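Enquirer: sequence plus predicted model, see below.
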Amino acid sequence: MRIWAKIFSDNHLLRDLVIVKEDRQTTRTKKIFQALEEACMAFDLSIPIWLDANIAEFKRHAKTRFRQDSFVDSIEFDFLELQIIEED
């Protein structure tokens, strides 16, 4: 599984990272949570909260955007996007 994490501000891509999860024993959900943690560590961010809207969007499109309301800390960008670009 490959997951693409991107940070946007004013419709411009500021930073991005592709995370590869190859562990066949781990569930899809656990891979997604691990990828989000890795991306947040790489971007030096607190881990956002999965709101109901994020969960629904991710189920429909395999992509979601975490905005300020998902973060405990203040963020200096518009949103963090998490997208699955390749599944096992």
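Expert: Sure, I can see it. Numbering: from 1, shown residues only.
Enquirer: thought F79 was touching F71?
Expert: No: assessed by C-beta atoms under 8 Å, F79 is found out of contact with F71, at 9.8 Å. Every residue, glycine included, has its C-beta placed from N, CA and C.
Enquirer: now the residue lying farthest from the centre of the chain: how far from D78?
Expert: Distance from the centre of the chain peaks at Q25, with 21.1 Å (C-alpha atoms, centre = their mean). Here Q25 is placed at a distance of 36 Å from D78 (C-beta to C-beta, to the nearest Å).
Enquirer: what does D10 give?
Expert: Distance of D10 to D78, given as C-beta to C-beta: 7 Å.
Enquirer: looking at the two, which is more packed in?
Expert: Between D10 and D78, D78 has the larger neighbour count (other C-beta atoms under 10 Å), namely 16 against 7.
Enquirer: so the more buried one touches K6, yeah?
Expert: No: using C-beta under 8 Å, D78 is not in contact with K6; the gap is 10.9 Å.
Enquirer: how much space between R60 and E22?
Expert: Noted for R60: a distance of 26 Å to E22, by C-beta to C-beta.
Enquirer: next: R2.
Expert: To E22, R2 is 9 Å away according to C-beta to C-beta.
Enquirer: ok, I84 - contacts?
Expert: Applying C-beta atoms under 8 Å, 6 or more residues apart in numbering to I84 gives the contacts 1-4, 32, 62-63.
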